[in-house]
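Student: Have a look at this fold, sequence not included:
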């Protein structure tokens, strides 16, 4: 993942990501310290992934297949405070034969609050094993690199 806002020379910005998603913060997302609970960060990342992977206008999974998470690395950079919203940036870091690595960042008020790297595997629903990504899907994903 590129440098975040802690590095003043190369700050990470939402504009660095071709896919952007917005999520409204709920009071129920807060914890005893008064900021958004760290477990909710994963939900925000899911919001960004789902818009990419399961967009009805641009289906990416082959018939009978789906995408599953094989690895998620999440780095907390700053706290998120309620009320408000967050914006999630998503881009493709790499594409393998049957997997995709996503880079994501969460922003509140233009400030990067978390970065993540996620490996997603294209899986056949019947065999429960990885399945090659179709050529048409590869082309659609390459546009987001």
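Tutor: Noted; the coordinates are in hand. The structure displayed is predicted, hence computed values, not measured ones.
Student: Low-confidence regions, the protein specifically.
Tutor: Residues of the chain meeting the criterion pLDDT under 70: 1-10.
Student: Going by residue numbers, what spans are helices in it?
Tutor: Remark: helices assigned in the chain by DSSP state H are 38-53, 135-142.
Student: Identify whichever of those lies nearest to residue 103.
Tutor: helix 38-53 (10.4 Å; CB to CB). In short, each C-beta sits where N, CA and C put it, glycine included.
Student: Check which helices and strands that closest one is in contact with.
Tutor: Other helices and strands packing on helix 38-53, by 3 or more CB pairs under 8 Å, 6 or more residues apart in numbering; DSSP states H and E, are strand 19-24, strand 65-76, strand 85-95, strand 99-108, strand 111-124.
Student: Go through those strands and pick out the most buried.
Tutor: Ranked by mean neighbour count under mean count of other CB atoms under 10 Å, the helices and strands packed on helix 38-53 are led by strand 99-108, which reaches a mean of 23.
Student: contacting residues around the closest residue in space to residue 114 that isn't next to it in sequence?
Tutor: Among residues not flanking residue 114 along the chain, residue 106 sits closest, at 4.4 Å (CB to CB, 6 or more residues apart in numbering). Contacts were defined as CB atoms under 8 Å, 6 or more residues apart in numbering; by that measure residue 106 touches 41, 44-45, 80, 86-89, 112-116.
Student: My read is that residue 78 contacts residue 111, right?
Tutor: Yes. Counting by CB atoms under 8 Å, residue 78 touches residue 111, with 6.1 Å between them.
Student: for the closest residue to residue 131 other than its chain neighbours, what are its contacts?
Tutor: Among residues not flanking residue 131 along the chain, residue 124 sits closest, at 4.2 Å (CB to CB, 6+ apart). Going by CB under 8 Å, 6+ apart, residue 124 touches 64, 65, 130, 131.
Student: Out of the residues you listed, which end up buried?
Tutor: 65, 130, 131 (16 or more other CB atoms under 10 Å).
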